[in-house]
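Participant: task: produce atomic coordinates for the following.
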Amino acid sequence: MGNSGHKLQQPGNDDIELTVIVAILSARRWLILLITASIFIVVTLMVGQLPSMYRASTTLMVKGVLASNPLQSLIPGAGSGTDELDTQIKLLTSTQFAKDVVAQLPTDLQLGLPDDQRRDDAQALLGSLTVQAVPKTTLLQITYTHHNPYISSEVVNLVANSFMAYQSNLMQQHSHQASDWIKQRVDEVKDKLTASENKLQQFRQLHNIIDISSDVELVKQEIAQLFLERREFTRQLQELTILLGKTGLLQQDFEQLSNIPEVSSVPVIATLQQQLSMQQAEFAQLKLSYLPKHPRFIAAAKKIEVSKQQLKTEVDKLTHNYTVRQADLRRMLLQVEGKVASATGSLESLVNVGQEHKKLEAEIQANMHLLGTLSDKMKETELMKDINKTSSIIIVDPATVPISPIGPKRLLLSVAALMIGFVGALFLVLCLHFFADVTSKYRHIAARFGYKLIGVVPQIRVKGIDKALPVIRQSGKQYTLYQEYIRSIRTNILLDKHLNTQKILALTSISPNEGKSSICLQLAKSFSELERVIVIDADLRFPALAEALGENPHRPGLTNLLAKTHTFEQCVFYCKELNADVLSSGIRPMNPLLFLSMPRFDAILKVLAKKYDRVIIECPPILSVSDAMVVAKCVGKLELVVDVKKTPLVDFAAKMELLEQSGVNIGGIILNRVKNDTSNYYATSATRAKQPSALRQMLHDNLRRA
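Facilitator: From the prediction side, this is the model:
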């Protein structure tokens, strides 16, 4: 990138150097001194008008009788330790107590300042009254602040004496109230205890309760025994069911039946099976010697048949016995289930009765405990009536008239005002500089990326024309100042060693509608005062120069010249307002990028650079389309127009980073719509030079003839 050499010279971060801050503060040193002195004088005068304040204090001791008071939970104001002191502090700072103190004050005594509307109000007393507990003691320190030392001491002593009487009356009143309340509660608890005992007696008679715990244990044992019987019956029933299933399947297979232990263990069946086995063995021997029709063969076969029939009869008897036993087990199991359900219901009933019985007993115990507690409290309350007849507050250290004031600290406040005023002035000056000077911020961001700021253009109010068209000519001081800023940009370009040698100036912007067309025409008008200038509208997508100059927007121009449909003389026209030649965009093409990428475009620019002293090109926005990048390859560098109203600082920095990554060579940046400085000296001087001088006019004529 062409500006990489400049970027190496720029700082690597955005930190503001200390020397810059010192220079800013030094330039505004008189403003800083003025603000500091003003704040110091105002605060000093205000502090001088404040009256001197005096503080008187007294110390009270809370007797230990209250700390050991057994009725601290029943009598308000009685406590122990920190709770007791907190109670006393709350009483001292209560509004009701303050009203009682104010009512005892002399009529000529004023609590507040002369202009205080609350000087005779309880709130004025509480506003200057302070009550604190001395750590690890039962002492209370009462202080009162007032501009009159005699009033401060008198009020503190009055508060201490009034509090002694107030607290004594309050405790006696509360003691009587507590005694009456306890007696009433004792009677109520006795009635409740009697009712609870009667209710328990009736409940026992209704449910015939002697020892409910023993009844519950017996029912639990019965249920446990029934569960054991049910488990045993269930097991026997399952075994019989399995045995009957086997005998039913193997009824004719006597050999398999003999393998069942329950069947083979029956003596008759075992004897018959043994007999059948012997007969079958003899029959097997006869088969070898005799034919089936032989009498001995037939007799042996008949014996076997008789034995099988006897064995089958015995098996059927056994199966029948098992079936009867199965039915008995099922009947007994049903009976056990019924007993279990009945016992469970009895247990639930006993448990419910036991719970209700416990509730009644707990109610009686609670009433008995409460009755005992209230009886003890009633005795203690009677004792407290005699104790509360004496005051529990003692004045340890009465207040005296203070001699030295405690405030205000006039010297300290004045020094603080001086320091605060100085720091505030520094902060104000820095804020005004960094928040108001927008140009320096944009310049700083541009310098960080290696771009130089060519100049700034102020915001101008357009009158009489379409605001969408570029600015050609206006009237008034704003336009005069606008022209002077354009001339400053021209001067910066002529004095810059790099831009001065660049005869072709290509202007682009970050996004559309940032004012590049107006700046392009105004720069051409400014350069035409000294040089021979041609303006080229290379924004083939949205051209605006021809229409702004009063020409037909579809007249022949750059595209026609590139397409060789018209000659250069047919495409160029002279603008008297600009005093320069103008090459408009021409017919709008379907693919503008294709036209700008032609080698003929580069050749035309080189020819025009030789023919004219300055060639100014308006390009499309660089981040919207890539047309400007193609033009940059032909001209080398682009001048970027940035609208500060449309492009905030954050977006400006991000887009500068995008341009840096894209590799586009930016020759300089022009800030548009910057807040103008109406105090500019050159704005008034320019109004005196609206017409060109004779020397300048002669120079123009010579340039035109050349």
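Participant: starting at the chain centroid, how far to stretch 210-226?
Facilitator: 63 Å (Cα atoms, centre = their mean, to the nearest Å).
Participant: what does stretch 414-424 give?
Facilitator: With Cα atoms, centre = their mean, you get 37 Å for stretch 414-424.
Participant: what mean pLDDT does it get?
Facilitator: For stretch 414-424, the mean pLDDT works out to 90.
Participant: buried ones in it, by neighbour count?
Facilitator: 414, 417, 418, 421, 422 (16 or more other Cβ atoms under 10 Å). (Glycine included, C-beta is placed from N, CA and C.)
Participant: among those, which ones are in helices?
Facilitator: Among the buried residues of stretch 414-424, DSSP state H puts 414, 417, 418, 421, 422 in helices.
Participant: in CSV, list those residues along with distance to residue 37.
Facilitator: CSV is the format used below for these (distance: Cβ to Cβ, whole Å):
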residue, distance to residue 37
414, 12
417, 11
418, 9
421, 8
422, 10
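Participant: and the residues you listed, which is closest to residue 280?
Facilitator: Nearest to residue 280 among these, counting by Cβ to Cβ, is residue 422 at 133.6 Å.
Participant: the closest one and residue 33: what is the separation?
Facilitator: 9 Å (Cβ to Cβ, to the nearest Å).
Participant: repeat for residue 587
Facilitator: 67 Å.
Participant: quick one, which of the two is more surrounded?
Facilitator: Of the pair residue 587 and residue 33, residue 587 is the one with more neighbours under other Cβ atoms under 10 Å, namely 16 against 13.
Participant: so how far is residue 627 from that one?
Facilitator: Applying Cβ to Cβ to residue 587 and residue 627 gives a distance of 16 Å.
Participant: same question, residue 196
Facilitator: With Cβ to Cβ as the criterion, residue 196 and residue 627 are 102 Å apart.
Participant: show me how this structure divides into domains.
Facilitator: When the chain is parsed with automatic domain parsing, its domains come out as 4-50+408-435, 212-387, 452-461+471-705.
Participant: just these: most buried one?
Facilitator: domain 452-461+471-705 (a mean of 18; mean count of other Cβ atoms under 10 Å).
Participant: distance from that one to the middle of the chain?
Facilitator: 51 Å.
Participant: average model confidence for that domain?
Facilitator: pLDDT averaged over domain 452-461+471-705 gives 84.
Participant: pLDDT weak spots in the stretch 101-250 of the chain?
Facilitator: When residues are selected by pLDDT under 70, those of the stretch 101-250 of the chain lie in 108-120, 170-177, 247-250.
Participant: quick one: the helices in the stretch 201-350 of the chain?
Facilitator: Applying DSSP state H, counting those that start in this stretch to the stretch 201-350 of the chain gives helices spanning 212-249, 254-257, 261-264, 267-289, 295-387.
Participant: how much does the first one deviate in direction from helix 295-387?
Facilitator: Here helix 212-249 runs at an angle of 160 degrees relative to helix 295-387 (axes from the mean of the first three to the mean of the last three Cα atoms, to 10 degrees).
Participant: for the residue nearest to residue 50 when sequence neighbours are not counted, list the residues it contacts.
Facilitator: Spatial nearest neighbour of residue 50, excluding adjacent residues (Cβ to Cβ, 6 or more residues apart in numbering): residue 408 at 5.0 Å. With contact taken as Cβ atoms under 8 Å, 6 or more residues apart in numbering, residue 408 is in contact with 47, 50, 52, 53.
Participant: from residue 54, how far off is residue 408?
Facilitator: On the measure of Cβ to Cβ, residue 408 and residue 54 end up 12 Å apart.
Participant: next: residue 522.
Facilitator: From residue 522 to residue 54 the distance is 75 Å (Cβ to Cβ).
Participant: does residue 672 count as helix, strand or coil?
Facilitator: Classification of residue 672 using DSSP: H, G, I helix; E, B strand; the rest coil returns strand.
Participant: which residues does it form beta bridges with?
Facilitator: Beta-bridge partners of residue 672, counted by DSSP bridges, are residue 457, residue 643.
Participant: just confirm it contacts residue 644, I think it does.
Facilitator: Yes. Assessed by Cβ atoms under 8 Å, residue 672 is found in contact with residue 644 at 6.9 Å.
Participant: residue contacts, residue 142?
Facilitator: Residue 142 sits in contact with 57, 58, 59, 60, 92, 129, 130, 131, 156, 159, 160, where contact means Cβ under 8 Å, 6+ apart.
Participant: which SS class is it?
Facilitator: strand.
Participant: thinking again about what came up before, could I get the contacts of residue 408 as TSV with pLDDT?
Facilitator: Formatted as TSV, these follow (pLDDT from 0 to 100):
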residue	pLDDT
47	85
50	82
52	84
53	85
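Participant: how about residue 600, nearest residue that isn't a chain neighbour?
Facilitator: Using Cβ to Cβ, 6+ apart, the closest residue to residue 600 is residue 562 (5.5 Å).
Participant: which strands or helices does the helix or strand hosting the one you found pack on?
Facilitator: Per DSSP states H and E: residue 562 is located in helix 558-563. Using 3 or more Cβ pairs under 8 Å, 6 or more residues apart in numbering; DSSP states H and E, the elements in contact with helix 558-563 are helix 568-571, helix 592-596, helix 599-611.
Participant: from the contact counts, what lies against the shortest one?
Facilitator: By that I understand helix 568-571. Packing contacts for helix 568-571, counted by 3+ Cβ pairs under 8 Å, 6+ apart, involve helix 558-563.
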